[in-house]
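S.K.: fold the stuff below for me.
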Amino acid sequence: MTQYLLLALFTAVITFVLSIAVWRIGLRFKLYAAIRERDVHKTPTPRLGGIAMFLGVVAAFALSSGNPYFAVFWADPWPVIALLLATLLIVLVGVADDLWDLDWMIKLGVQFLAAGIIAWFGGLQILSLPIGGLTIGSSWASFALTVFAIVVVMNAINFIDGLDGLVAGVCLISNGVFFAYSYLLVRDTGASSYFNLASFIAAILVGACIGFLPLNWSPARLFMGDAGALMLGLLMATSAVAITGQLDPAVLDPEQLGRSQLLGAFIPILLPIVVVLLPLLDFGLAVFRRVQAGKSPFSPDRKHLHHRMLDMGHTDREAVLIFYAWTAVVGLAFLLMYIGTQQSWPGDYLLGVAFGVLGVAACLVITLLPSRRTRRRPALQEPS
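M.R.: Have a look, this model is predicted:
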């Protein structure tokens, strides 16, 4: 655990220092796109924070290559190499889009290409689902499912990038929960080492978000842009694939477990989804809304969940904090339920259920009963 914490701290420091550098360079050389009609910020703001986050992630991988604790996933370097190449590709296209606003078809094509690199050359695929010992029918089905899942999560994270500090904070919480989950899951399945690629990715993403958030908090001086949001989505999805898709289905087969652990058999696929539940919900609603209106599913609008909260009377900071609360409550509830199912008493998971019920009730209250003000400062970040 100490190695992971030190790695997260290292990533945070590197990302913070580089974020300041990118911000100053962006202002000095005017490396920002012109304000568009659909944008809500009035002051030109660099959207290249994703570069700093990417370099922080690369620095963490470079440091880990010489650390014997992480030798377990460097023994076969191809998954790591494929992941870094795919991430670089996404960041380069994201930067181009942040500067020149690329066509959505180009961005989507590159997303599929990057996901394909991870699944094909890196060999990181969803091979099984822990539902009654279910395995994926064929290698092509596994490849297709993995690519689709990575692309969906990438866009889901990118779609909520509309308020200062929203994506960085949500991903910080999500990856914190997922790190704890993956660490415990590896322990509970009898692995020989706690060090694995999934936990490693989650830890460095926590660090990258911590390092970037000070410059992105309202009022933001630097946006992560598509480069940062898509990179976060790519790495988060890959982390989930690396741990969940590689499980032995027999280990978590409900038929082989007692009734007290029945819920635990399903949580390994539920929790990776739950930690990105709000982005996935917003993504699904946006695609449905735009397709129903006869528009491209990637055409921007101002009807995302965070925009709706602003319309309800929340300030942009309140809306961001509410998103944080929902993410933490749902993620921690499922994490507590997973921990409970691994204990000896059948009712241990009820603690997670109780926490989830009370937390959701509290979140509903603060969401539906905003503190209305006569004046409300608008959000400073562009809609996705």
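S.K.: can you pull out the strands in the stretch 1-150 of the chain?
M.R.: Using DSSP state E, counting those that start in this stretch, the strands found in the stretch 1-150 of the chain span residues 128-129, 134-135.
S.K.: ranking these by mean pLDDT, which is last?
M.R.: Of all those, strand 134-135 carries the lowest average pLDDT, namely a mean of 59.
S.K.: quick check: H307 touching G162?
M.R.: Yes - between H307 and G162 there is a contact under CB atoms under 8 Å: 6.7 Å. Using the backbone N, CA and C atoms, a C-beta is placed for each residue, glycine as well.
S.K.: and those two? Which one has more around it.
M.R.: Neighbour comparison, H307 and G162: the larger count goes to G162, with 26 against 18 (by other CB atoms under 10 Å).
S.K.: hang on, that one in a helix?
M.R.: No - judged by DSSP: H, G, I helix; E, B strand; the rest coil, G162 forms no part of a helix; its state is coil.
S.K.: okay, it: pLDDT?
M.R.: Reported pLDDT at G162 in the predicted model: 84.
S.K.: measure it to G50 for me?
M.R.: From G162 over to G50 the distance is 16 Å, taken as CB to CB, to the nearest Å.
S.K.: L113 too?
M.R.: L113 is 18 Å from G50, by CB to CB.
S.K.: can you check V13 too?
M.R.: Distance from V13 to G50, by CB to CB: 18 Å.
S.K.: what residues are up against L48?
M.R.: Residues counted as contacts of L48 (CB atoms under 8 Å, 6 or more residues apart in numbering) are 22, 26, 31-32, 95, 98, 222-223, 225, 227.
S.K.: at 6 Å what do you get?
M.R.: 22, 26 (CB atoms under 6 Å, 6 or more residues apart in numbering).
S.K.: mind listing the helices for the stretch 1-150 of the chain?
M.R.: 2-28, 49-64, 71-74, 78-100, 104-116, 139-159 (DSSP state H, counting those that start in this stretch).
S.K.: now do the first one: which elements does it pack against?
M.R.: Applying 3 or more CB pairs under 6 Å, 6 or more residues apart in numbering; DSSP states H and E, one finds that helix 2-28 contacts helix 49-64, helix 197-216.
S.K.: deepest of those, which one?
M.R.: Neighbour counts (mean count of other CB atoms under 10 Å) averaged over each of the helices and strands packed on helix 2-28 peak at helix 197-216, with a mean of 26.
S.K.: show me what the helix or strand following it is packed against.
M.R.: Later in the chain than helix 197-216, the nearest helix or strand by DSSP states H and E is helix 225-244. Helix 225-244 sits against helix 49-64, helix 78-100, helix 139-159, helix 166-188, helix 197-216, helix 262-274, with contacts defined as 3+ CB pairs under 6 Å, 6+ apart.
S.K.: could I get those as a markdown table with distance to T341?
M.R.: Formatted as a markdown table, the helices and strands packed on helix 225-244 follow (distance: least, CB to CB, whole Å):
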| stretch | distance to T341 |
| --- | --- |
| helix 49-64 | 31 |
| helix 78-100 | 29 |
| helix 139-159 | 24 |
| helix 166-188 | 9 |
| helix 197-216 | 20 |
| helix 262-274 | 3 |
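S.K.: least reliable of those going by mean pLDDT?
M.R.: Across these, helix 262-274 has the smallest mean pLDDT, namely a mean of 62.
S.K.: does anything pack onto the very next helix or strand once past it? Which helices or strands?
M.R.: Downstream of helix 262-274, the first helix or strand assigned by DSSP H and E is helix 277-292. Contact analysis of helix 277-292 by 3+ CB pairs under 6 Å, 6+ apart lists helix 139-159 as its packing neighbours.
S.K.: return the helix it packs on as CSV; C-alpha atoms alone will do.
M.R.: What follows is helix 139-159, C-alpha atoms only, in CSV (Å, rounded to 0.1, in the frame of the first residue of the first chain):
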residue,chain,number,x,y,z
SER,A,139,-11.8,-14.0,-29.1
TRP,A,140,-13.5,-11.7,-31.6
ALA,A,141,-16.4,-11.2,-29.2
SER,A,142,-14.0,-10.4,-26.4
PHE,A,143,-12.1,-8.0,-28.6
ALA,A,144,-15.3,-6.2,-29.7
LEU,A,145,-16.7,-6.0,-26.2
THR,A,146,-13.5,-4.6,-24.8
VAL,A,147,-13.2,-1.9,-27.5
PHE,A,148,-16.8,-0.9,-27.2
ALA,A,149,-16.5,-0.6,-23.4
ILE,A,150,-13.4,1.5,-23.6
VAL,A,151,-14.9,3.9,-26.1
VAL,A,152,-18.1,4.3,-24.2
VAL,A,153,-16.3,5.1,-20.9
MET,A,154,-14.0,7.6,-22.7
ASN,A,155,-17.0,9.5,-24.1
ALA,A,156,-18.9,9.3,-20.9
ILE,A,157,-16.1,11.0,-18.9
ASN,A,158,-15.6,13.6,-21.7
PHE,A,159,-19.4,14.4,-21.8
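S.K.: elements contacting that helix?
M.R.: Secondary-structure packing of helix 139-159 (3+ CB pairs under 6 Å, 6+ apart): helix 104-116, helix 225-244, helix 277-292.
S.K.: how does it look with 10 Å?
M.R.: Under the contact criterion of 3 or more CB pairs under 10 Å, 6 or more residues apart in numbering; DSSP states H and E, helix 139-159 touches helix 78-100, helix 104-116, helix 166-188, helix 225-244, helix 262-274, helix 277-292.
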